[in-house]
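my questions concern the predicted model and sequence given below.
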Amino acid sequence: MTRLERAAPIAFGVLGLLLWQAAVGLMHVPVYVLPGPIAIVAAFWADHASLLVSLLSTLAVTAVALLAAASLGMVLALAMAASRLARAAIQPWAVVLQVTPVVAIAPLIIIWVNQQFAALVVCATIVAFFPVLSNTAAGLAATPPELADLFRLNGATRRQTLFLLRLPAALPYFLAGLRIAGTLALVGAVVAEFVASSGGFASGLAGRILESGYRLEIARMFAALTLLAITGILIYAALGAFERLILRRFGAGPPGDAA
Amino acid sequence: MLRLNGVGRRFANNVTALENITTRIEPGAFVVLLGPSGCGKSTLLRILAGLDAPDTGSLTWDDHAPPGPGDIGFVFQDATLLPWASAEANVFLPLRLAGQSFETARPVVRDSLARLGLAGFEQARPAALSGGMRMRVSIARALVSRPKLLLMDEPFAALDEFTRHRLQDDLYALWREARTTIVFVTHSIYEAAYLASRIIVMSPRPGRIAAELTCGLPDTNNRRTDPAYAALTTQVTETLRAVMPA
Ligand SMILES: Nc1ncnc2c1ncn2[C@@H]1O[C@H](COP(=O)(O)OP(=O)(O)OP(=O)(O)O)[C@@H](O)[C@H]1O
Ligand SMILES: [Mg+2]
C-alpha cells in the first residue's frame, strides 16, 4: 500500500464529515432529525461518563463471549476432527444455531438463564462461535496429506500427529476465525442487550441507544452508535495484530518447544 | 532388500495403476523408476513404503521383517517441511516421533544437515530458504533416522537445472558413501542415466515393467561429460522408443 492509499480512507472520511456538517447547517436540518458531527461530539462530551461506563459493560460481555466462543469452537472442532461420529452429530446442530437469528432465541435464553450477564454472554457466544468452529475444523481437515504420510511412516501416535502437525497447521485458520468472531461477539452482545433491555436490563450501550431514542436525544444516539462502530473496528484491528504476532513468533523458538 | 511378486493395484474408480510388477530391489542399489505421467510410479513407491497395499501380489522383505518406523525415508516432489519449524526442527522430526529428546539427537541432526551442505542454516525457517535448500532439508530429514530404504518421488522435478545438477551430484556422492538402498522416481532420462545403478522403465497405464537396464557409470568425477553417459542416455532413449506406443 502506498502512503497515498493509506491516507485515502481518512481523507475520504474527513471530507464526508465536512459535507455532512455543511449540509446540516445550510439546510437547517433540525438536530432531533439529523445532528451534524459537531453536535454528536458535543453530545458525547456532555455525557461521556455514562456512555463509557455502558461501553465497558458491553465490552465485558463481548470479551467473555469471545473467550467462550474460542474455547467452544476449538473443542467442538477437535471433537469433529477426532471422530466421524462426533462430526456427524455436531455439524447439523452447529448450523441450526448459526442460522437461527439470535434475536429470536435471546428472549428464551434470558428467561432460562436468570443471571443477566450470563444470559447476554450466552447469546453473544452463540453468534460468535460458528466462525471459530468452521475455520478450525477446516484447518484441521486441511493437513497436507504428504505430511500426514510422513508422520505415519515414522510411527507417529495420534497424539503426536495432533499436537505436532494438525493443530499447528490449523492455527492460521483458527486465528482468522477468531478475528471474525471478535466483531460478531460485539454484535451479539448488543443484540442481546436490546432484547434484555425490554426486561429492564439497561447497563450496556444498547440501553443508552434506546434511552436516547425515547428522549429524542438523537445526537446522543449517534454518539453511542459511533462509539460502537469504533469499538468494532478496534476489536477487529486488535485481533488482526494478535494474529500477525502469533504467526510471526510461532515456531521461531528452539525446536523442542513446539508441543 | 525386497522382492515384488506380481504386485498390482486397482483403485476404487476402476483405474488399474499397476499390473503384475515383479522385480527385486537389491541392497545398496540405486534403482530409478522411469515412466510417463500416470503410469503408477507414485503408487508403487507408496506400496513400497507401506502407505498403500497391493490388491494382487505381495512384497517380500529379505529378512522377512516388514520395515518399522524410521526404516523408510520418503522424499516427496515438494519439500513438505513444517513451515513453522526451523530447518533443524524439521530434520529432528523423525527422531522426535521416535521419542528422542532434542539434546540426544542434536549431534545426529547437525550431522545430517551438514552432509547436505546446510551447516549454518540450522535455525532458518523454510520460507527463508531457496527451493534447492528446502529440498536439501527434506533429504536430510529422510536420512536422519538412517533408513534401510530411501524412496524419492521426483524430488528434483520442481528445481531449476543448475540446482538440479548440484543436488544430483550431492545425492550421488551420499549414496556412493553410505550405500543406502534408493528407489528414485523421475521423468527425466538424463537424471535416470546419471544416478541409477539400475533403471526400471515402466509402460503407460496400466503400469507394467517394460524394460530393465543395469547401468552404473564409472565412478569418475566428471560423469556428466563421460562418453559412457552419452551412450547410456542414447540406450535409454532407444529403449523408451521401443516401449512407448507411438
Ligand atoms: N487414490 C487414488 N484413487 C484413484 N485413482 C488414483 C489414486 N492414486 C492414483 N490414482 C490413479 O492411478 C494412476 C497412477 O497414479 P500415480 O500417481 O501412481 O502415477 P505417476 O506415475 O506417479 O504419475 P506422475 O508422473 O504424474 O506423478 C493415475 O491414473 C491416477 O489418476
Ligand atoms: Mg507421481
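Received the coordinates, thanks. Ligands and ions are numbered 1, 2, ... in the order given.

return the residue of chain B that is most distant from the centre.
B:Glu103 (29.4 Å; C-alpha atoms, centre = their mean).

where's that one relative to B:Val109, distance?
As defined by C-beta to C-beta, to the nearest Å, B:Glu103 lies at a distance of 11 Å from B:Val109. In this view, the C-beta of every residue, glycine as well, is placed from N, C-alpha and C.

which residues touch stretch B:5-25?
Applying C-beta atoms under 8 Å, 6 or more residues apart in numbering or on different chains, the contact partners of stretch B:5-25 are B:1-4, B:31, B:40, B:43-44, B:47-48, B:52, B:54-60, B:149, B:181, B:183, B:200, B:205-209, B:212.

chain center to it, what's the gap?
Relative to its chain's centre, stretch B:5-25 lies at 19 Å (C-alpha atoms, centre = their mean, to the nearest Å).

same thing with stretch B:40-51?
Using C-alpha atoms, centre = their mean, the offset of stretch B:40-51 from its chain centre is 11 Å.

same deal with stretch B:68-79?
That offset, for stretch B:68-79, works out to 9 Å (C-alpha atoms, centre = their mean).

quick one: that stretch near chain A?
Yes - interface with chain A: stretch B:68-79 contributes B:68-70, B:72, B:74, B:76, B:78 (C-beta under 8 Å from any C-beta of the partner chain).

where's the residue farthest from the centre of chain B relative to B:Leu34, distance?
From B:Glu103 to B:Leu34 the distance is 43 Å (C-beta to C-beta).

leaving out chain neighbours, which residue sits closest to the residue in chain A that chain B sits nearest to?
In chain A, the residue that lies nearest chain B is A:Gly155 (2.8 Å; C-beta to the nearest C-beta). Leaving aside its sequence neighbours, A:Gly155 sits nearest to B:Pro69 (C-beta to C-beta, 6 or more residues apart in numbering or on different chains; 2.8 Å).

may I have the phi/psi pair for that neighbour?
phi -60, psi 130 (degrees, to the nearest 10).

so who does it touch?
Contacts of B:Pro69 (C-beta under 8 Å, 6+ apart): A:153-155, B:97-98.

mind checking which of these are in helices?
A:153, B:97 (DSSP state H).

quick one: buried ones out of the contacts of B:Pro69?
For the contacts of B:Pro69, a burial check counting by 16 or more other C-beta atoms under 10 Å in any protein chain shown picks out A:153-154, B:97.

where exactly do the strands run in chain B?
Along chain B, counting by DSSP state E, strands occupy B:2-10, B:16-25, B:30-34, B:56-61, B:72-75, B:149-153, B:181-186, B:198-202, B:209-214.

need those strands in JSON lines with mean pLDDT and mean neighbour count, can you?
Formatted as JSON lines, those follow (pLDDT from 0 to 100; neighbours: other C-beta atoms under 10 Å in any protein chain shown):
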{"stretch": "strand B:2-10", "mean pLDDT": "93", "mean neighbour count": "18"}
{"stretch": "strand B:16-25", "mean pLDDT": "93", "mean neighbour count": "18"}
{"stretch": "strand B:30-34", "mean pLDDT": "95", "mean neighbour count": "25"}
{"stretch": "strand B:56-61", "mean pLDDT": "92", "mean neighbour count": "14"}
{"stretch": "strand B:72-75", "mean pLDDT": "96", "mean neighbour count": "26"}
{"stretch": "strand B:149-153", "mean pLDDT": "96", "mean neighbour count": "23"}
{"stretch": "strand B:181-186", "mean pLDDT": "96", "mean neighbour count": "24"}
{"stretch": "strand B:198-202", "mean pLDDT": "94", "mean neighbour count": "23"}
{"stretch": "strand B:209-214", "mean pLDDT": "90", "mean neighbour count": "15"}
